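J.: the sequence and its predicted three-dimensional model are supplied below.
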Amino acid sequence: MQAKRVVFPHRLLPALLVAPQLAVTAVFFLWPAAEALWQSTLREDAFGLKSTFVGLANFRDLFADPDYLVVIGTTLVFSFAVAGLSLALGLAAAALADRARKGALLYQTLFVWPYAVAPAVAGVIFLYLFEPSLGPLARAVGPAWNHKLIGWQALSMVVMAASWKQVAYDFLFFLAALQSIPRSLMEAAEIDAAGPFRRFFTVSLPLIAPTGFFLLVVNLIYAFFETFGVIHATTLGGPGLSTTTMVFRVFRDGFIDQRLGASAAESVVLLLVVAALTVVQFRFVERKVHY
Amino acid sequence: MPPRANLRAIALHAALILGAAALAVPIWLAFVAATRASADFVAGDVGWLPGPHGFANFWTVLAAGDSADGLPPAWPMLLTTLVVALLIALGKIAVSLPAAFAVTYFRFPFRSLAFWTIFLTLMLPVEVRIVPTFQVVADLGLLNSWAGLSLPLIASATATFLFRQTFMSVPDELTEAARIDAAGPLRFFFDVLLPLSRTNVAALFVILFIYGWNQYLWPLMVTTEPRFYTIVVGIQRLALAADEGTAVWHYVMATAILALVPPVAVVVGMRKLFVRGLVETEK
Amino acid sequence: MAGVTLRGVKKRYPGGFEAIKGIDLDVPDGDLCVFVGPSGCGKSTLLRIVAGLETASEGTVAIGGRDVGALGPAERDVAMVFQNYALYPHMSVFDNMAYGLRNRGAARPEIEARVAEAAAMLDLSALLARKPRELSGGQRQRVAMGRAIVRKPALFLFDEPLSNLDAKLRARMRVEIRALQRRLGTTAIHVTHDQLEAMTMADTLVVLNAGRVEQVGKPADVYARPANRFVAGFLGSPEMNFLDGEAGPDGRIDFGALGSLSAGAGARAPVSRKVVAGIRPENLAPAEGDGPDRLSLTVDFVEELGAARLVYASREGRRVVVHTAAHGGWAPGAPLALTAAAGDVRLFDPQGGAALG
Ligand SMILES: Nc1ncnc2c1ncn2[C@@H]1O[C@H](COP(=O)(O)OP(=O)(O)OP(=O)(O)O)[C@@H](O)[C@H]1O
Ligand SMILES: [Mg+2]
């Protein structure tokens, strides 16, 4: 990690300047993270009075629990569905807006505002839209719609609510990437007699592939973590386990069922997931810098 | 323009407007619901066009409340949300500007350690450490407090990284000129660095304000007293009631509109800053 | 007012690279001293050591007789003009010039008087309210100068301040800076890699190469009597012609098939020895008659400069350039005989390149 070539010679001052950040980091990040690690090796007795060290037993139990495996599956389906849907729609809209010479800024506004809507609020709105036999979209589908009973419908609903917001984000980045392609490159392709679709698939798309990959990672992180609000405000993980994601399960085990050891072990698993995703993201960003 | 190109342009804009409209449908329907009366929901007859009860509903939700349906007025929650969003945005900026300044413009013992410690926080979203963080905050006696609401969200390092990047792009010669002009580090920070980073600070403020306004899980955990309820949390309590069969969807949707109008207004009003902030944080 | 003294100055960068390899130098009070040398030779590094922006790894720096090794750049009473000017982009021209005075606690009326004075001197009075981005390149350059002179420092440090200007403006600013420095009488160190700028501006010329001083002296002296082959080649454009030859006891240099030239008394050696002869392009002329001092070549091509022309000629792969005002009607392929006065033939040791005689 490099500093400036030109630096100030002081020593005490910088320590004072980083102190607040380090203090909050230590108290609200490092300590809880260490706590999670420690607790993932403990198990409480039935009355929550005593806890004993059980080593990796919580993790063994976790992966032996068929419910948890279902939760992992749900999380993967949910996350990739959200990422795929918002990437596809965001890219389509961005490709169109990039070609519209006039009004690009207007379209930027028209597509980007959903980003500002809280996931929980988006969830509540979709909950209304799909309220069986009452919500306008549920009525449009007909009596076959009942997400309160039918798992895949509940999952589709939360996927839609979560993607709706993320489309805006992907649109913005794809548009920025498309607009940063030098005009001369597209003109060269035009002179080479490539039609607009051919140009898009053979020139634009390869050039913005890095952005697409970066967005995939960001979308996955979003779907894994920030969508808690969508699920908590709508289905509460149900019906059954059909919309219980890993984060939701941490919450349920930790706060509702008070299974602290299990919840901590699940936190540690999530921590590894996010660490892996962050490393992928940074390695990729670094590569991009070297180009 | 030749007619063919003309036709193509029209099709393009039509597709874009259609897409934008589709994106707005959920909010439109929520708005329609917010203008209907309770009876419309019971009759299952809400439709796609607004009804005549908009003003009454918004007034009830915002100011009057409705004790029959257990609905508190929303304005205190809006106020709480505003305070939380400002605390988080300003707090984060206040903590990360000096930290970024320190790791960029000084060499001091354990600088790398400090940097990597801060870096680590990027890997620990609040959702991952939620249970132990809750315990820590409880142990510190910060449940139901402004500090408890905001501090754990202030700590993350994204802002520090953004500012570091901004500072790295400030030419070294400016620092040298300032040193020759007898400016010490703090004077340089306030007279040169901060004015030069103004737009970046503003852009980040917009992003962080929205981030703070939309917080959900954490406020849900640490607040049990109604005076600390944020609107985003309050709406979920309301929705659960509506879902259970009480026909208050018009109130729920009115609250939802109230909850989303401020951040959307910020994004639309400061689109340029917002886009810049967003694209740069993620670089 | 202050001279600058460097003793045994060395600089090793953190990576271990030794950018300055031991420099002793005296810049007299009131002098305009120019550091010149190829890119990467350590000019900026040395200047920044004097400014206090870098610390020397070894050796001492004194300004006005005072050892400044322990002082920061603000305490050395120096002002610097940077290559990219380093104007504060968010401050007006006035504030850019006033900033250093304010930080030193000068009173407001005094600041205003001094800025007004400097602005008048540099023709900036009408621009004081503007921001740097609203100025032309030449105006920015003058603001950077103004920021330096308002402070009335003991020493000016200029790091390639003219390199971002176009050729015409550069020529004019060269003269203006020179005149300004004379008028103020302030010692100045000016860094450039442009040998023409160095020649025209310097009282004292310091030629640097690879972290060492190659030669110090008045520009004309250094040009006429370069201490070694590097200095001889670096100053002058087109570059001096270098030809391998053999010096005999009679003071003649034999260039084999090309012919021979006499090189004056200094070239006499008791026994024949190999030398490198250096002859500047303007010192070569077409040979008249058929004296013994001549080089026989073939014209390759001619570059027309208007007032003069450059004739490129060669023989057996050995090339020379002639800068001449004569119109010879030379055509490629034509034979060309050249001669040079004995005093204009400089001799260098083929090993190491030190000047001989
Ligand atoms: N911070 C540094 N760390 C390591 N090496 C450096 C550093 N700064 C400069 N150098 C090296 O020191 C040598 C001298 O650099 P300096 O900037 O003094 O050259 P210069 O003569 O000013 O060249 P130019 O005419 O291109 O400005 C160069 O080889 C350069 O690569
Ligand atoms: Mg330099």
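T.: Ah, there it is. It should be emphasised that the depicted structure is a prediction, and the values quoted were computed from it without experimental measurement. Ligands and ions are numbered 1, 2, ... in the order given.
J.: run the chain-centre distance for stretch B:15-22.
T.: Its chain's average C-alpha position is 26 Å from that of stretch B:15-22, according to Cα atoms, centre = their mean, to the nearest Å.
J.: actually stretch A:95-107, not the one I wrote
T.: On the basis of Cα atoms, centre = their mean, stretch A:95-107 sits 27 Å off its chain's mean C-alpha point.
J.: next, residue 88: secondary structure please.
T.: Just going to use chain A. Of the three states, A:Ala88 takes helix under DSSP: H, G, I helix; E, B strand; the rest coil.
J.: try again with chain C
T.: Secondary structure, three-state DSSP: C:Tyr88 is coil.
J.: next: C:Met91.
T.: At C:Met91 the chain is in coil, as set by three-state DSSP.
J.: contacts only, for it.
T.: Under the criterion of Cβ atoms under 8 Å, 6 or more residues apart in numbering or on different chains, the neighbours of C:Met91 are C:Tyr99, C:Lys131, C:Pro132. Any C-beta I mention is one placed from the backbone N, CA and C, and that applies to glycine too.
J.: closest one to chain A out of those, please.
T.: Proximity of these to chain A (Cβ to the nearest Cβ) peaks at C:Tyr99, which lies at 17.2 Å.
J.: looking at chain C, which helix or strand is least sure?
T.: Scoring the helices and strands of chain C by mean pLDDT, DSSP states H and E places strand C:355-356 at the bottom, with a mean of 85.
J.: show me what from chain A comes close to ligand 1.
T.: A:Arg5 (Cβ under 6 Å from any ligand atom).
J.: which residues in chain A form strands?
T.: A:42-44, A:51-53 (DSSP state E).
J.: quickly compare the ones you listed and say which is most buried.
T.: strand A:42-44 (a mean of 18; mean count of other Cβ atoms under 10 Å in any protein chain shown).
J.: right, is that strand up against chain B?
T.: No: judged by Cβ under 8 Å from any Cβ of the partner chain, strand A:42-44 and chain B are separated, with a smallest distance of 12.0 Å.
J.: still on that earlier bit, distance to A:Phe225 and mean pLDDT added to the strands of chain A, as a markdown table?
T.: Converted to a markdown table, these look like this (distance: least, Cβ to Cβ, whole Å; pLDDT from 0 to 100):
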| stretch | distance to A:Phe225 | mean pLDDT |
| --- | --- | --- |
| strand A:42-44 | 25 | 77 |
| strand A:51-53 | 27 | 77 |
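J.: can you list the low-confidence ranges for the stretch 1-150 of chain A?
T.: For the stretch 1-150 of chain A, the stretches with pLDDT under 70 are A:1-3, A:45-49.
J.: typed the wrong thing, it's the stretch 251-357 of chain C
T.: C:265-271, C:357.
J.: residue in it nearest to ligand 1?
T.: Across the stretch 251-357 of chain C, no residue is closer to ligand 1 than C:Gly353, which sits at 20.2 Å (Cβ to the nearest ligand atom).
J.: any idea how far chain A is from that residue?
T.: Look at C:Gly353 and chain A: by Cβ to the nearest Cβ, to the nearest Å, they are 34 Å apart.
J.: how many neighbours does residue 30 have?
T.: Answering for chain A, as no chain was given. 17 (other Cβ atoms under 10 Å in any protein chain shown).
J.: you looked at the wrong chain, it should be chain C
T.: C:Gly30 has 16 nearby residues by other Cβ under 10 Å.
J.: need phi/psi at it.
T.: phi 80, psi 0 (degrees, to the nearest 10).
J.: all helices of the chain, in order?
T.: Answering for chain A, as no chain was given. Under the criterion DSSP state H, chain A contains helices at A:12-25, A:31-39, A:57-64, A:66-99, A:104-112, A:119-129, A:136-141, A:151-179, A:183-191, A:196-199, A:205-221, A:228-234, A:246-251, A:260-290.
J.: chain C was what I was after
T.: C:43-51, C:93-103, C:108-121, C:137-149, C:167-184, C:195-201, C:219-224, C:229-234.
J.: what packs against the longest one?
T.: Translated: helix C:167-184. helix C:137-149, helix C:195-201 (3 or more Cβ pairs under 8 Å, 6 or more residues apart in numbering or on different chains; DSSP states H and E).
J.: compute the mean per-residue pLDDT across stretch B:111-118, please.
T.: In this model, stretch B:111-118 has a mean pLDDT of 81.
J.: also stretch B:60-76?
T.: Rounded mean pLDDT across stretch B:60-76 is 73.
J.: if we can go back for a sec, closest to B:Ser96 out of the helices of chain C?
T.: Across those, B:Ser96 has its closest neighbour in helix C:93-103 (26.8 Å, Cβ to Cβ).
J.: contacting residues around the residue of the stretch 101-250 of chain C found nearest chain B?
T.: Using Cβ to the nearest Cβ, the single residue of the stretch 101-250 of chain C nearest to chain B is C:Asn103, 4.1 Å away. By Cβ under 8 Å, 6+ apart, the contact list for C:Asn103 reads B:Asp181, B:Ala182, B:Ala183, B:Arg187, C:Ala74.
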